[in-house]
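Q: here is my input; please provide its structure:
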Amino acid sequence: MYYLRFAIASIDGERLFDGHFGESDYYLIYDLNNERYEFIEQIKNLAKDFEEREHGDKRKAMKVSDLLSECEALCGRAFGPNIKRIVKKFVPVVVRVEKVEEALRLLQESYESILKEYEKGEDRKHLVLK
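A: Predicted structure coming up:
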């Protein structure tokens, strides 16, 4: 069965980062479908301290995008103005939970919807899961 590769914004591997996705210290990379998920690795956000000329600087979006180039979807509690840029490459998924395990459960439950959105290509939209 096909899976999507997700990057989840986290502060400690157990809890989601509470700010904008691009400001997270770490990304947890998971392969996930509606039947299973597998932790792949934790990546330090090397773009976090990028000096933006303005909030939502497109150069920062490009740096985060390059860092997570093997992913199809992004998961966090909030996204900033660069969501309009990253949606062309990823499915941004906003979750309203605090723990990574809860987010993984929501992502699995909504896998088919996320996959359909990803398949729309550059016309995709972000999703909000509760």
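Q: please, where are all the helices along the protein?
A: Along the chain, the stretches classed as helices by DSSP state H are 58-67, 83-86, 100-109, 111-118.
Q: so what secondary structure elements neighbour the second one?
A: Packing partners of helix 83-86 (3 or more CB pairs under 8 Å, 6 or more residues apart in numbering; DSSP states H and E): helix 58-67. Any C-beta I mention is one placed from the backbone N, CA and C, and that applies to glycine too.
Q: show residues contacting the helix it packs on.
A: 21-22, 27, 43, 45-47, 50, 52-53, 82, 85-86, 89-90 (CB atoms under 8 Å, 6 or more residues apart in numbering).
Q: now, the most widely separated pair of the residues you listed?
A: Farthest pair in the contacts of helix 58-67 (CB to CB) is I43 and R53. Separation: 24.9 Å.
Q: between those two, which one's more packed in?
A: Shown here are I43 and R53; by other CB atoms under 10 Å, I43 has more neighbours (16 against 9).
Q: which residue is the nearest non-sequential neighbour of that one?
A: Leaving aside its sequence neighbours, I43 sits nearest to Y27 (CB to CB, 6 or more residues apart in numbering; 4.7 Å).
Q: so how far is K89 from the residue most central in space within the chain?
A: By CA atoms, centre = their mean, the chain has its centre lying nearest to L74, at 1.5 Å. As judged by CB to CB, to the nearest Å, L74 and K89 stand 9 Å apart.
Q: any weak-confidence spans in this protein?
A: Within the chain, the stretches with pLDDT under 70 are 1, 49-57, 60.
Q: quick one, what contacts the residue nearest to the centre of the chain?
A: With contact taken as CB under 8 Å, 6+ apart, L74 is in contact with 6-9, 21, 68, 86, 90-93.
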